[in-house]
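Student: Quick one: sequence and predicted model below, then my questions.
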Amino acid sequence: MLSLIINNVVIFAGIGGFLALLLVIADYFLANYGDCQIDINGKKKLTVKGGSSLLNSLAENNVFIPSACGGRGTCGLCKVKVKEGGGPLLPTERPYLDADELKNGVRLSCQVKVKEDIIISIPEALFSIRKFKGVVETIIDYTYDTKGLVIKLIEPAKIDFKAGQYIQLESKKYAKSKQVVSRAYSMANCPENNNVVELIIRRVPDGIMTTFVHDYLKKDDELYLTGPYGDFFIRDTDTDMIFVAGGSGMAPFKGIIEDLYKKESKQHIVYFFGARTTEDLFLVDEMKEYEKKMADFTFIPVISQPEKSPDWKGESGYIPPLLDKHIRDPKNTEGYLCGSPALIASTEKKMKELGIENVYYDSFG
Amino acid sequence: MDINPLVIFMAAIFTSNILLTNFLGMCSYLSVSKEIESSAGLGMAVFFVLTLTSAINYIVYHYILVPMDLIYLQYIIFIIVIAAFVQLTELIIERFSPVLYYTLGIFLPLITVNCAILGVSLFMIIRQYSFIQAVLYGAGSGIGWLLAILALAGIRNRLKEKYLPQGMNNAAISLIITGIMALAFIGFSGVAIIQ
């Protein structure tokens, strides 16, 4: 009996070991790309170990490319211009690139593997993106499914950014997820308060990051984040401005309005904030305060399901039909939108119909 | 079994096509047959894995498991051999054809659980093939699978521009086409009767 068991184990382990050895040898010869050089803008040269993605290779060398999905090829944000090397265009990249980008060699850095020397071009601003270590100072319950997070920065202690930009927050391993993920969140503080990062995070059912923030993150926990990223910030003009946000799309506007207040802006600003019911509304009192303190600022909360909030006295329904009466001169108005792809698509369509040419948005899609 | 290995090879491609007569390996066949290029890639990968695993599994079975009276280990051993060779195939494709590697996506590692691969290894044991017969049966089955998926991909490409009733797209029409193709392939068996 014992010899039978030993026979079984020896044969099984022997065959398994032989196959494993075969794979190790194959891996050594097939997956070994040696050291590769990444040339950035002809100014900076990095030597990295070949085989990893361009996004990760750059991040390991403190060059951070924005990527809302954390390198899974689903957000299409981590675009870089690859001038040489990088291999053929992959089918996973094609849906995120338009004709111009395809012609100019733009690629998704999370999908490009560094297997040879590569020459890339990225905006100079990305060099200023840093990795920050912070500590959770405050966790605020805005609604039943939305939390506010104030992270005090430790190293570096300050972040230079424009109101409306976003950061990438890194999760930690926790009971329900053994993987660390990175997700993009808009900063809700104004640039004057540059020693903290404020975020507004709405729970996504079974979302790795939002479950971590809502159920596991505590005060005084340490976190890592990178930033600032993005070009969703107000342009330096004197035009009228229409802001439209849905849910946690409140975040960039909270920072922008605080910033405009501190700069004593006299611009005509109307801010529509959409939610499903009154239970989903938050920061309403703070925004109403700005109405009193600022020269020409109007805050209009709108709920889409008034039947569930019988006591509601404000605007209800969808935001786009409400825009008409608040636009004075479409040619002299800019639109800023942040929220779900559906809200952005319908609002942008309406704004264009009304004659607003400059519409900027930050989509959750 | 005293059958000419070339007859087994040809039969594996046509009359006993592993996919169209045994209906093994259907899931990746249905899912990856939208484009001819990716179908050809997956078909080549299946051919490579089938040929090599039938050879290795033959040697392992007849020269290790049978002499040591451990035939009951055949399923688990066959599966680890297949898993290892699929990994090897992945490494090779990623190195030499990254486009194909990303096109095949999850279906490449899923060759491990492709029942056609295990089916071929088990059939060669049941039918008591010699080594040459087994290898040619594996290679023929691989070519047969490649032929079937290429034929379906070609037909589906033609169908893209045609009107199909709602609900008949994708899997439904593919299964109907597969049924018709299977009938056509069974028709090849008539060739054996003519001496």
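Tutor: That came through fine. Numbers count the residues shown, from 1 in each chain, chains lettered A, B, ... in the order given.
Student: now what about stretch A:207-223, what contacts it?
Tutor: Contact with stretch A:207-223 is made by A:133-139, A:145, A:147, A:149, A:151, A:154, A:169-172, A:174-177, A:179, A:181, A:183, A:201-204, as judged by C-beta atoms under 8 Å, 6 or more residues apart in numbering or on different chains. C-betas here are computed from N, CA, C, even on glycine.
Student: Could I get the CA-only coordinates of stretch B:22-34 as CSV?
Tutor: Below are the C-alpha coordinates for stretch B:22-34, written out as CSV (Å, rounded to 0.1, in the frame of the first residue of the first chain):
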residue,chain,number,x,y,z
ASN,B,22,-17.9,14.4,-32.0
PHE,B,23,-18.9,18.0,-31.2
LEU,B,24,-15.9,18.5,-28.9
GLY,B,25,-14.2,21.9,-28.5
MET,B,26,-17.4,23.9,-29.2
CYS,B,27,-17.1,26.9,-26.9
SER,B,28,-14.0,28.5,-28.3
TYR,B,29,-15.1,27.4,-31.8
LEU,B,30,-18.3,29.4,-31.4
SER,B,31,-16.7,32.4,-29.6
VAL,B,32,-13.6,33.0,-31.7
SER,B,33,-15.1,32.3,-35.2
LYS,B,34,-16.1,35.9,-35.9
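Student: and it, does that touch chain A?
Tutor: No - Stretch B:22-34 is not in contact with chain A by C-beta under 8 Å from any C-beta of the partner chain; minimum separation 11.5 Å.
Student: What are the buried residues along the biggest helix by length in chain B?
Tutor: If you go by DSSP state H, chain B has its longest helix at helix B:131-159. Within helix B:131-159, the residues scored as buried using 16 or more other C-beta atoms under 10 Å in any protein chain shown are B:133-149, B:151-153, B:155-156.
Student: Please apply the same query to stretch B:104-122.
Tutor: Of all the residues in stretch B:104-122, those buried under the rule 16+ other C-beta under 10 Å are B:104, B:107-108, B:110-112, B:114, B:116-122.
Student: So which of these sit within helices?
Tutor: Those of those lying in helices (DSSP H): B:104, B:116-122.
Student: which one among the residues you listed gets closest to chain A?
Tutor: B:L104 (9.9 Å; C-beta to the nearest C-beta).
Student: Run through the neighbouring helices and strands of the longest helix of chain B.
Tutor: helix B:5-13, helix B:26-31, helix B:36-60, helix B:115-126, helix B:171-186 (3 or more C-beta pairs under 8 Å, 6 or more residues apart in numbering or on different chains; DSSP states H and E).
Student: pLDDT below threshold where in chain B?
Tutor: In the predicted model of chain B, residues B:1, B:191-195 satisfy pLDDT under 70.
Student: Give me the distance between the one residue in the stretch 201-350 of chain A that gets nearest to chain B and A:A251.
Tutor: Across the stretch 201-350 of chain A, the shortest distance to chain B (C-beta to the nearest C-beta) belongs to A:I208, at 19.8 Å. Going from A:I208 to A:A251 by C-beta to C-beta, to the nearest Å gives 20 Å.
Student: and if you look at A:A175?
Tutor: 27 Å.
Student: Between those two, which has more neighbouring residues?
Tutor: Comparing A:A175 with A:A251 by other C-beta atoms under 10 Å in any protein chain shown, the one with more neighbours is A:A251, at 26 against 9.
Student: residues contacting that one?
Tutor: A:185-188, A:198-200, A:338.
Student: at 7 Å what do you get?
Tutor: A:A251 is in contact with A:185-188, A:199-200, counting by C-beta atoms under 7 Å, 6 or more residues apart in numbering or on different chains.
Student: how many neighbours does A:Q267 have?
Tutor: Neighbours of A:Q267 (other C-beta under 10 Å): 17.
Student: Excluding chain neighbours, what is closest to it?
Tutor: With C-beta to C-beta, 6 or more residues apart in numbering or on different chains as the criterion, A:Q267 has its nearest non-adjacent residue at 5.9 Å, and that residue is A:M241.
Student: For the strand or helix carrying the one you found, which strands pair with it and how are they oriented?
Tutor: If you go by DSSP states H and E, A:M241 is part of strand A:240-246. Looking at strand A:240-246 with DSSP bridges, its partner strands are strand A:269-275 (parallel), strand A:333-339 (parallel).
Student: A:A20: which of these is closest?
Tutor: strand A:333-339 (50.5 Å; C-beta to C-beta).
Student: could you give the angle of whichever helix or strand comes after the closest one to strand A:240-246?
Tutor: Where DSSP H and E defines the elements, the next helix or strand beyond strand A:333-339 is helix A:341-354. With axes from the mean of the first three to the mean of the last three C-alpha atoms, to 10 degrees as the basis, helix A:341-354 and strand A:240-246 are set at 160 degrees to each other.
Student: pLDDT on helix A:341-354, on average?
Tutor: Across helix A:341-354, pLDDT averages out at 91.
Student: Give the buried residues for it.
Tutor: A:343-344, A:346-348, A:350-351.
Student: Adding distance to B:G43, write these out as a markdown table.
Tutor: Shown next, in a markdown table, are the buried residues of helix A:341-354 (distance: C-beta to C-beta, whole Å):
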| residue | distance to B:G43 |
| --- | --- |
| A:L343 | 45 |
| A:I344 | 43 |
| A:S346 | 45 |
| A:T347 | 48 |
| A:E348 | 45 |
| A:K350 | 50 |
| A:M351 | 51 |
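Student: Verify the stated contact: A:T333 with A:T237.
Tutor: No - at 10.3 Å, A:T333 does not count as touching A:T237 under the criterion of C-beta atoms under 7 Å.
Student: Common neighbours of those two, please.
Tutor: Contacts common to A:T333 and A:T237, judged by C-beta under 7 Å, 6+ apart, are absent.
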